[in-house]
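Asks: Here is a sequence with its predicted model. Questions after.
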Amino acid sequence: MEGKRKSHTITSKSVRESQYVSIMKRTLFLLALVSVQGKPVRPRHCGGDVKHIHLAVGLDPSREMTVSFASKWSVPGVLAPIGGVHIGLAPNKLDRFVPEQEHPIRYETTSHHMNGVMYYSPFQHHITIDNLEPNTTYYYVPVDGSRENGVEGLASKPIRAENSGVESAFLNETKEEERGRLRESRRLAPAPYDGSNKPCAESSRVRSFTTAPDSSDAPVTFAIVGDLGQFGHSEETLENMRKHRDGIDAVVLVGDVAYTDLDHRRWDTFFDFLDDFSIFDEVPLQIATGNHDIEKQENGTDIFQAYETRFRMPQVRPAQLSSFEFPGYLNMDTPPYPLPYDWGNAYYSFNYGPAKHIIVSAYSSMEPDSAQYEWLVKELKSVDRKITPWVLLSIHTPLYNTFHKHKHDAQILAAQQHLEPLIVQHHVNVVFTGHIHAYQRTKNVAMGKPDRKGPMHVTVGAGGRQCNAEYENESQEEWIEHRDSSFFGYGRFSIFNSTHAKWRWIPLSPSGKAKYCVFLARSCFFVLHANIPVAYHREASL
């Protein structure tokens with residue numbers, strides 16, 4: 001009997017492996033047949049290894065960090081791997097193991113890009129490491145393994161997940177067949193990132209991160225970028241961040257993350273892109289919702305699927321997402337307001353040294369009786385300027401806009417009507433935005449007029465997707481300090497102590513509108529008086 005049971009177990013396992021191979025071959029073959037603008041979408045297949053590693057701060061960034069990563073594709077019949085993180089104070093002494101606190105999450109969807117073929121996301125693992133020390137560097141290795149074997153196998157040592165080779169082998173088999181079958185999708189979009197010819201990120205490599213300081217006088221620097229995507233200029237932005245990595249404590253991406261054009265395989269190529277170019281496996285990435293992150297399929301009712309599944313921000317509550325009943329195709333450039341989306345990654349806050357970051361969703365309701373509005377009022381009232389003298393608010397849509405496009409977006413009008421009075425009343429220091437594919441910086445402004453009691457508004461929507469916005473007027477408005485749509489780039493906000501900070505715009509490469517190639521970085525120096533920021537401007541060369 002014992003021998004028969006053992007034989008039966010082996011047979012069952014072999015059947016499951018055979019089924020997995022069959023499913024993966026069929027699925028990957030079908031996914032490979034569809035192209036975007038004549039170019040195939042080729043997510044990298046790593047045989048179930050840990051990939052797409054990125055960080056986000058926890059509820060207390062000085063003591064918590066969330067490690068997120070992807071593993072196997074969640075096709076039907078595949079059991080989710082179990083995950084964990086080995087961590088320690090030295091790269092050769094990872095003496096603490098943190099197992100997953102929740103089951104890996106996934107989603108499935110379809111779109112016109114895939115000819116009715118169902119898309120199954122990789123399993124997404126989000127593991128929060130707590131009981132850390134402030135301003136301390138830790139070393140870590142995320143791991144995954146067979147759920148049937150339990151967490152004990154993972155805890156024994158930081159080993160690379162076993163690679164069956166099924167996915168990568170089959171991808172190579174189909175390359176010749178792809179060439180004859182690729183066709184354009186119905187909607188044109190910039191070609192996605194193709195890293196399929198590059199090796200998978202080394203999952204067993206020891207990485208590191210540093211926790212936030214817990215002092216209101218600790219110097220910190222945040223990189224601020226918007227409308228990133230996975231394009232050539234996006235690569236320049238991330239390459240510059242990586243080249244000048246020292247000093248960046250966290251990155252805030254103010255919406256429009258991946259630009260998938262409703263093709264969720266492009267989320268996979270986006271994270272392949274991050275694996276190859278970003279610093280987000282060592283520096284936390286905090287995100288805000290953008291209009292291109294909504295991703296309602298033409299015949300579907302789900303919204304923000306990838307945005308909620310693939311990231312884990314310091315959530316106040318789990319996401320509340322309702323079906324969005326909207327017939328047919330939803331124009332992502334002008335989505336309706338509001339959408340049925342609250343909590344989760346939509347809006348949240350975190351303290352990082354002397355700064356309180358408040359992330360707001362332009363696509364959730366901002367009305368005075370809404371969950372987001374009431375939450376924001378409580379957040380602003382709870383600020384203790386002795387602990388966090390700097391208050392920074394990020395929202396995708398700009399409240400001030402010198403450019404022609406998006407002048408009358410419903411989200412912008414709602415933010416102006418409902419949020420700006422709160423922002424001014426509670427002396428928010430800086431408002432960071434994206435959405436407009438350009439750069440602009442206002443003076444201290446309140447209710448449409450220069451006012452030292454109001455914040456400075458900075459739009460950084462030239463992170464990679466485009467940089468070509470047209471001005472509304474030839475002469476700039478009285479509240480504008482600087483505007484430009486001729487250079488891609490991103491910015492850095494450096495806080496030196498409780499009273500002094502500096503904003504610096506970093507132009508990287510000219511867009512098609514550029515008439516010159518020599519450009520000075522625009523810097524802005526702050527002095528904080530009685531919790532009211534006063535900005536001093538000057539030019540500083542790169």
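Replies: Yep, that arrived.
Asks: Quick check: Leu274 is in a helix.
Replies: Yes: checked against DSSP: H, G, I helix; E, B strand; the rest coil, Leu274 lies within a helix.
Asks: any idea how far it is from Leu285?
Replies: Distance of Leu274 to Leu285, given as Cβ to Cβ, to the nearest Å: 8 Å. Quick note: C-beta positions are derived from backbone N, CA and C, even for glycine.
Asks: same question, Gln425
Replies: 30 Å.
Asks: Between the two, which is the more surrounded one?
Replies: Of the pair Gln425 and Leu285, Leu285 is the one with more neighbours under other Cβ atoms under 10 Å, namely 23 against 13.
Asks: how much space between the more buried one and Thr237?
Replies: 13 Å.
Asks: Report the beta-bridge partners for the closest residue to Pro507 other than its chain neighbours.
Replies: In space, and not counting its chain neighbours, Pro507 is closest to Phe487: 3.7 Å by Cβ to Cβ, 6 or more residues apart in numbering. Counting by DSSP bridges, Phe487 is bridged to Pro510.
Asks: For Pro142, grab phi and psi.
Replies: phi -80, psi 140 (degrees, to the nearest 10).
Asks: That one: how many residues sit nearby?
Replies: 26.
Asks: wait, it sits on Gly84?
Replies: Yes: using Cβ atoms under 8 Å, Pro142 is in contact with Gly84, at 7.4 Å.
Asks: What helix or strand is Lys378 located in?
Replies: Assessed by DSSP states H and E, Lys378 sits inside helix 371-381.
Asks: Quick one: distance of that helix to the chain centre.
Replies: The chain centroid and the centroid of helix 371-381 are separated by 23 Å under Cα atoms, centre = their mean, to the nearest Å.
Asks: and it, which residues are buried?
Replies: By neighbour count on 16 or more other Cβ atoms under 10 Å, the buried set for helix 371-381 is 371-373, 375-376, 379-380.
Asks: go on, stretch 323-338?
Replies: 324, 330, 332, 335, 337-338.
Asks: Can you give me the neighbour number for the residue nearest to Pro507?
Replies: A count of neighbours around Phe487, defined by other Cβ under 10 Å, yields 22.
Asks: Same check on Asn149?
Replies: By other Cβ under 10 Å, neighbour count at Asn149 equals 11.
Asks: gap between the closest residue to it other than its chain neighbours and Met447?
Replies: Nearest residue to Asn149 in three dimensions, chain neighbours excluded: Ile82, at 7.9 Å (Cβ to Cβ, 6+ apart). Ile82 is 54 Å from Met447, where distance means Cβ to Cβ.
Asks: now Val220
Replies: 30 Å.
Asks: of these two, who's got more company?
Replies: Shown here are Val220 and Met447; by other Cβ under 10 Å, Val220 has more neighbours (21 against 10).
Asks: Can you verify my assumption that the more buried one contacts His357?
Replies: No: with contact defined as Cβ under 8 Å, Val220 does not count as touching His357 (10.7 Å).
Asks: Stretch 117-128: end-to-end distance?
Replies: End-to-end distance for stretch 117-128: 34 Å, by Cα to Cα, to the nearest Å.
Asks: Flag every buried residue along that stretch.
Replies: 117, 119-128.
Asks: now the nearest residue to Pro455 once chain neighbours are set aside, what's its secondary structure?
Replies: Spatial nearest neighbour of Pro455, chain neighbours left out: Val428 (4.8 Å); criterion: Cβ to Cβ, 6+ apart. Using three-state DSSP, the structure places Val428 in coil.
Asks: Tell me the spacing between Val428 and Gly454.
Replies: Going from Val428 to Gly454 by Cβ to Cβ gives 9 Å.
Asks: Now do the contacts for Val85.
Replies: Contacts for Val85 (Cβ atoms under 8 Å, 6 or more residues apart in numbering) come out as 67, 97-98, 127, 129, 140-143.
Asks: give me phi/psi at it?
Replies: When quoted as degrees, to the nearest 10, the phi and psi of Val85 stand at phi -140, psi 130.
Asks: which stretches of the stretch 1-150 of the chain aren't confidently modelled?
Replies: Applying pLDDT under 70 to the stretch 1-150 of the chain flags residues 1-39.
Asks: Show me the strands in it, by range?
Replies: 35-36, 39-40, 51-57, 65-73, 82-88, 96-99, 108-109, 119-120, 122-129, 137-145 (DSSP state E, counting those that start in this stretch).
Asks: As JSON lines, the ones you listed with distance to Ala212 would be great.
Replies: Converted to JSON lines, the strands of the stretch 1-150 of the chain look like this (distance: least, Cβ to Cβ, whole Å):
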{"stretch": "strand 35-36", "distance to Ala212": "39"}
{"stretch": "strand 39-40", "distance to Ala212": "41"}
{"stretch": "strand 51-57", "distance to Ala212": "7"}
{"stretch": "strand 65-73", "distance to Ala212": "9"}
{"stretch": "strand 82-88", "distance to Ala212": "16"}
{"stretch": "strand 96-99", "distance to Ala212": "18"}
{"stretch": "strand 108-109", "distance to Ala212": "35"}
{"stretch": "strand 119-120", "distance to Ala212": "36"}
{"stretch": "strand 122-129", "distance to Ala212": "13"}
{"stretch": "strand 137-145", "distance to Ala212": "12"}
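Asks: Quick one: closest of those strands to Val252.
Replies: Set against Val252 and scored by Cβ to Cβ, the strands of the stretch 1-150 of the chain come closest in strand 51-57, at 10.8 Å.
Asks: Can you report how many residues neighbour Ser322?
Replies: Ser322 has 12 neighbours, counted by other Cβ under 10 Å.
Asks: How about the contacts made by it?
Replies: So Ser322 contacts 340-341 (Cβ under 8 Å, 6+ apart).
Asks: My guess is Ile412 contacts Thr397. True?
Replies: Yes: counting by Cβ under 8 Å, Ile412 does reach Thr397; the two are 4.8 Å apart.
Asks: and for those two, which residues touch both?
Replies: By Cβ under 8 Å, 6+ apart, Ile412 and Thr397 have these common neighbours: 362, 406.
Asks: Tell me who's in contact with the closest residue to Asp130 other than its chain neighbours.
Replies: Nearest non-adjacent residue to Asp130, counting by Cβ to Cβ, 6+ apart: Glu64, 4.9 Å away. For Glu64, the contacting residues are 57-58, 128-130, 132, 314, by Cβ under 8 Å, 6+ apart.
Asks: I'd guessed Ile387 sits against Asn351; true?
Replies: Yes: the pair Ile387 / Asn351 is scored as a contact, 7.2 Å apart, by Cβ under 8 Å.
Asks: Looking only at neighbour counts, state which of those two leads.
Replies: The residue with more neighbours, out of Ile387 and Asn351, is Asn351; 21 against 14, by other Cβ under 10 Å.
Asks: Which pLDDT value belongs to Asp333?
Replies: pLDDT for Asp333: 89.
Asks: Which residue is the nearest non-sequential neighbour of it?
Replies: Asn291 (6.8 Å).
Asks: Need the per-residue pLDDT for that neighbour.
Replies: 97.
Asks: Go ahead and confirm it touches Pro336.
Replies: No: counting by Cβ under 8 Å, Asn291 sits too far from Pro336 to count as a contact (10.7 Å).
Asks: any weak-confidence spans in the protein?
Replies: Residues of the chain that meet the criterion pLDDT under 70 lie in 1-39, 157-190, 512-522, 526, 528-532, 534-542.
Asks: Can you give me the distance of Val527 to Ser204?
Replies: Distance, Val527 to Ser204, using Cβ to Cβ: 48 Å.
Asks: again, but for Ala306
Replies: Distance, Ala306 to Ser204, by Cβ to Cβ: 27 Å.
Asks: If anything else comes up later, I'll come back, but that's it for now.
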